[in-house]
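# Sequence plus predicted model, see below.
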Amino acid sequence: MARNKLAVGLDIGSSGVKLVQLRERKGGYALQAYGAAPLPPETVVEGALMNSSAIVAAIRGLVAEQKVRVREVAIGVRGHSVIIKKISVPRQTQEELDESIQFEAEQHIPFDIREVNVDAQILTPEGDAAGQMDVLLVAAKKEMINDYTAVCAEAGLTATVVDVDAFAVQNAYEANYESSPADTVVLVNVGAAVTNLNVLSRGATSFTRDVTMGGNAFTDEIQKQLNVSYAEAEALKVGGREGETDAVVPQEVERIIQGVAEQLAGEIQRSLDFYATTAADGRVGRIFLSGGTARIPALFKVIEARAAVPVEILNPFKAIEVDDRRFDPAVILAAAPGAAVAVGLALRRAGDK
């Protein structure tokens, strides 16, 4: 594969696998392929792959269904096995940092340095008056990366890029939205099991946090309180939200959803409060919400009320050309919030750092 060719974005999440392929066109990108396949419950638990064969089958099915010929994919990781930290080091070049980062990482991460892949990105190359510069340190457990790349290999694909979900959402945001460097924007991606927060200040990540709660919490609570099956709970969670139906969601379901939304919004707000105490200017201008759960209106409303800033649903296809002769616009619009990670991955190229 040529160095400048885009990889296929493959988002292996807790509830399903999503595939996005983009092609470059003059002045931007066009959608080449989009597909999603559900995974059985407990297939991915806290980022660990518990049922590899189900994932391989889902990937193979999507590749065949979408007639994808490119074999190089970009994948994302998240959860406890990934550490993202902003650290301060003496001013140096990227080459010098690449040489010293193992030592720096040992001071800041709770894992054995031999068990992780480490990467670092300079945030403030100009440094400060004391000659220190900010660096974003990312460490991911090799064992987890190997598990994810192995399922790709078994499905006949090569993972040429391993990204972090929070940064993939950032890629999707930057490709679709214009924001002034002065804006502080929070990207909140609500996955099935994990919610990623990424605060962008002056165009760069200044704070990230993973909250181990996501869309599954709504399903679990509906299942538990109403004594229904997992499938029924999933349907009730998004019941009457699909546009084609005006089915009234029972008040009981509304109450449960509201309660879980309050809980998740509380976790998000605590993270933002913590950011506000650590940042020189902790004021947030706007929050963008992504992930399949972003389609639950109660969550959107509660986050907006708590944070007291505008909340917008992230549309990763906003600036991407979607041919309505090949794709059903209603399907793409409904899928958009949950496709943010996959789109961000599909913007990556083989050989990218």
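Yes, it's here.

# Low-confidence stretches in the stretch 101-250 of the chain?
Within the stretch 101-250 of the chain, the ranges that satisfy pLDDT under 70 run 240-249.

# mind listing the strands in it by residue range?
Here the stretch 101-250 of the chain has its strands, by DSSP state E, counting those that start in this stretch, at 116-122, 132-141, 158-164, 184-190, 195-201, 204-211.

# Hmm, Asp163 is touching Ala74, no?
Yes: contact criterion Cβ atoms under 8 Å: Asp163 and Ala74 qualify, at 6.1 Å. Quick note: C-beta positions are derived from backbone N, CA and C, even for glycine.

# okay, these two: which has more neighbours?
Using other Cβ atoms under 10 Å, the more surrounded residue of Asp163 and Ala74 is Ala74, with 27 against 24.

# Which residues does the helix or strand containing that one contact?
Using DSSP states H and E, Ala74 sits within strand 72-77. Residues outside strand 72-77 that contact it (Cβ atoms under 8 Å, 6 or more residues apart in numbering) are 1, 5, 7-12, 47, 140, 144-145, 148-149, 152, 157-165, 168, 341, 344-346, 348, 350, 352.

# Show me what Trp10 is bridged to.
Not Trp; residue 10 is Leu. Beta-bridge pairing for Leu10 (DSSP bridges): Leu19, Ile75.

# Kindly format the C-alpha coordinates of stretch 32-45 as CSV.
Coordinates of each C-alpha in stretch 32-45 appear next as CSV, following Å, rounded to 0.1, in the frame of the first residue of the first chain:
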residue,chain,number,x,y,z
GLN,A,32,-16.6,5.0,-0.1
ALA,A,33,-18.0,2.4,2.3
TYR,A,34,-19.8,2.3,5.6
GLY,A,35,-21.1,-0.7,7.5
ALA,A,36,-21.8,-1.8,11.1
ALA,A,37,-22.2,-5.2,12.6
PRO,A,38,-23.4,-5.9,16.2
LEU,A,39,-21.5,-8.1,18.6
PRO,A,40,-23.0,-10.5,21.2
PRO,A,41,-23.0,-9.1,24.8
GLU,A,42,-19.7,-9.7,26.7
THR,A,43,-17.6,-10.0,23.5
VAL,A,44,-15.4,-7.1,24.6
VAL,A,45,-15.2,-6.4,28.3
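
# Name the residues of that stretch that are buried.
For stretch 32-45, burial by neighbour count (16 or more other Cβ atoms under 10 Å) applies to Gln32, Ala33, Tyr34, Gly35, Ala36, Ala37, Leu39, Pro41, Thr43, Val44.

# Stretch 258-269 too?
Going by 16+ other Cβ under 10 Å, stretch 258-269 has these buried residues: Val260, Ala261, Leu264, Ala265, Ile268.

# and if you look at stretch 20-33?
Val20, Gln21, Leu22, Tyr29, Leu31, Gln32, Ala33.

# Could you find which two of these are furthest from each other?
Across the buried residues of stretch 20-33, the longest distance by Cβ to Cβ is 12.5 Å; it joins Tyr29 and Ala33.

# Neighbours of Arg255, how many?
Arg255 has 11 nearby residues by other Cβ under 10 Å.

# go on, Ile222?
Ile222 is flanked by 24 other residues according to other Cβ under 10 Å.

# That one: what's it in contact with?
Val228, Ala233, Leu236, Lys237, Val253, Ile256, Ile257.

# for the buried residues of stretch 32-45, which one is nearest Ala336?
Ala336 lies nearest to Tyr34 out of the buried residues of stretch 32-45, by Cβ to Cβ, at 9.9 Å.

# so how far is Pro316 from that closest one?
Remark: distance between Tyr34 and Pro316 (Cβ to Cβ, to the nearest Å) = 10 Å.
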